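Asks: sequence first, predicted model second:
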Amino acid sequence: MSTTTEHTPDSDDPLDDGTPARPAPRLIQNEVTTEIPVHLLFRDDPDPVSVPLRPAVVGRRQGTGEQPRLRRPAMTKPRPAAAVDPELVERPARALPGAAGVCTGLGGVAGGLATSWWAGVLPPLAAHALRLPAYAGAGLGPAQWAAYAGAGALGLFGFAGLTRGVTGRAWVLGLFGRYRGTARRTGLLWVNPLLLRRRVDVRLRHWRSEEMPAADGNGVALRVVVLVVWRVRDTARAVLGVEDHETYLRECVEAALARVPVELPGTARGSVEVAGDALTRLVSADAAGIGLEVFSVRPVRVEYAPEVAGAMQRRRIAALDARQRATMLTSVVDSVEDTVTRLTMRGLVELDDYDRKVLVRDLTVAFCSGRAESVL
């Protein structure tokens with residue numbers, strides 16, 4: 001019985017007629033193959049020479065004109081901190097005591113009365129009350145009208161600049177869109193009446209938020225109410241750096257809740273304190289750029305979101321039930337073991353293996369029934 005073996009000619013084998021075979025065509029026309037000597041793969045060099053590391057280069061395809069591309073390690077850019085104009089810093093405004101404004105206003109009123117007496121239009125009763133000498137008057141001429149205008153401007157400038165400084169409040173002053181300073185003084189003050197005034201509360205404030213979305217360590221949706229203790233430290237940045245610093249603070253708290261996991265009270269020891277410290281650190285860093293000083297951000301109420309509240313409540317009840325069952329079983333086993341050991345060591349009963357198993361079973365059933373009734 002003969003076996004015939006077919007021979008498949010290789011690309012380098014000659015044909016039957018003696019003509020050398022053509023090499024097999026390459027699938028990739030521009031491929032380049034580099035041969036590596038075999039002895040280099042198995043070389044045992046006790047002291048290898050350090051090879052300088054170079055950036056890995058992705059080879060380009062020949063004839064395409066493609067430039068080599070470097071594989072650079074991915075670099076994570078740090079998150080830029082919120083900041084406003086560095087030149088926008090609170091500075092004290094020029095404010096005079098209120099007595100200066102009162103004196104200026106009274107000077108304007110006195111000038112108006114004197115002008116009326118000069119023009120002869122002051123009523124006799126008023127002149128007698130002011131103890132002014134009788135004067136026929138020169139009439140209302142250009143000079144008298146100019147004196148009226150000056151006295152009125154002086155009185156208006158004096159009385160319109162009066163303002164009241166309250167403890168815990170500050171005035172942010174601006175002129176034609178430019179910041180002119182902050183007045184933190186209390187009492188009756190006089191400031192330039194042309195300045196735009198904005199009152200800012202600089203007292204220590206407590207803000208109790210509404211229910212905000214959050215999540216725990218497992219990604220379960222929560223609703224959290226936080227208590228934020230804060231105050232305005234730099235009035236210029238808080239008022240002029242952002243449109244509304246209270247809205248900005250609320251959004252900072254909401255963004256921090258999206259980054260910090262919050263646990264329900266009692267699930268993990270110290271979890272609420274840890275979450276509060278992390279929230280305080282994040283919100284303080286975000287709000288410092290606009291002149292707000294945040295002292296604490298504490299969760300005061302944490303509950304499951306309405307869409308998962310029912311399922312999570314059943315899950316917690318099942319976990320508590322399983323924990324209680326495990327505790328009860330451990331207690332029963334310890335009680336049965338202690339009872340059987342005492343009976344056998346004191347010689348009250350002599351038990352073989354079968355009797356011991358029966359006794360253990362009966363005691364276990366009895367103890368479990370008694371514990372279950374006590375729990376119910």
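Replies: Cool, got the structure.

Asks: relative to Glu254, how far out is Arg315?
Replies: Counting by Cβ to Cβ, to the nearest Å, the gap from Arg315 to Glu254 is 27 Å. Bear in mind the C-beta positions are built from the backbone N, C-alpha and C, glycine included.

Asks: in terms of neighbours, single out the busier of those two.
Replies: Glu254 (16 against 12; other Cβ atoms under 10 Å).

Asks: helix, strand or coil for the nearest residue to Leu264 once chain neighbours are set aside?
Replies: By the measure of Cβ to Cβ, 6 or more residues apart in numbering, the closest residue to Leu264 outside its immediate chain neighbours is Val302, 5.4 Å from it. For Val302, the secondary-structure state derived from DSSP: H, G, I helix; E, B strand; the rest coil is strand.

Asks: any idea how far the spatially closest residue to Trp190 that is not a sequence neighbour is from Gly165?
Replies: The spatial neighbour of Trp190 that comes closest, neighbours along the chain excluded (Cβ to Cβ, 6+ apart), is Gly101 at 3.3 Å. Using Cβ to Cβ, we find Gly101 at a distance of 13 Å from Gly165.

Asks: now do the shared contacts for the two.
Replies: Applying Cβ atoms under 8 Å, 6 or more residues apart in numbering, one finds that Gly101 and Gly165 are jointly contacted by Leu188.

Asks: who's more crowded, the two?
Replies: Gly101 (22 against 17).

Asks: before we move on, the earlier item: list the contacts for the residue nearest to Trp190?
Replies: Gly158, Phe159, Gly161, Leu162, Leu188, Trp190.

Asks: wait, is the fifth one part of a strand?
Replies: Yes - when three-state DSSP is applied, Leu188 is found to be in a strand.

Asks: that one reaches Pro97, doesn't it?
Replies: Yes - with contact defined as Cβ atoms under 8 Å, Leu188 reaches Pro97; the gap is 7.1 Å.

Asks: follow-up on the earlier one: next one, pLDDT for the residue nearest to Leu264 please.
Replies: Per-residue confidence for Val302 comes out at a pLDDT of 88.

Asks: leaving out sequence neighbours, find the closest residue to the residue nearest in space to the middle of the chain.
Replies: The chain has Ala256 as the residue nearest its centroid, 3.3 Å off, counting by Cα atoms, centre = their mean. In this structure, Ala256 finds its nearest non-sequential neighbour in Leu282, 4.2 Å apart by Cβ to Cβ, 6+ apart.

Asks: secondary structure element for that neighbour?
Replies: Under the criterion DSSP states H and E, the helix or strand holding Leu282 is helix 271-287.

Asks: quick check: mean pLDDT of that helix?
Replies: Mean pLDDT, taken over the full extent of helix 271-287, equals 91.

Asks: does Leu351 really touch Leu359, like I thought?
Replies: Yes - in this structure, Leu351 is within contact of Leu359 by Cβ under 8 Å, at 6.5 Å.

Asks: neighbours around His245, how many?
Replies: When counting by other Cβ under 10 Å, one arrives at 21 neighbours for His245.

Asks: burial count for the closest residue in space to it that isn't next to it in sequence?
Replies: Across the structure, with Cβ to Cβ, 6+ apart as the measure, the residue nearest His245 apart from its sequence neighbours is Ala238 (4.3 Å). In terms of burial, Ala238 registers 26 neighbours under the definition other Cβ under 10 Å.

Asks: re earlier: tell me which of the contacts of Gly101 is nearest to Gln324?
Replies: Of all these, the one sitting nearest Gln324 is Leu188; the distance, using Cβ to Cβ, is 70.2 Å.

Asks: now the closest one: closest residue in space that isn't a chain neighbour?
Replies: Residue nearest to Leu188 in three dimensions, not counting chain neighbours: Gly98, with 2.8 Å by Cβ to Cβ, 6+ apart.

Asks: just the buried residues of the helix or strand hosting Asp334, please?
Replies: Taking DSSP H and E as the definition, Asp334 sits inside helix 306-345. The neighbour-count criterion (16 or more other Cβ atoms under 10 Å) identifies Met312, Met328, Val332, Ser335, Val336, Val340, Leu343 as the buried residues of helix 306-345.

Asks: ditto for stretch 150-170
Replies: Neighbour-count burial for stretch 150-170 flags Ala151, Leu154, Gly155, Phe157, Gly158, Phe159, Gly161, Leu162, Thr163, Gly165, Ala170 (criterion: 16+ other Cβ under 10 Å).

Asks: tell me which element the last one falls in.
Replies: Yep, that's Ala170 we're talking about. When the helices and strands are read off by DSSP H and E, the one containing Ala170 is strand 169-175.
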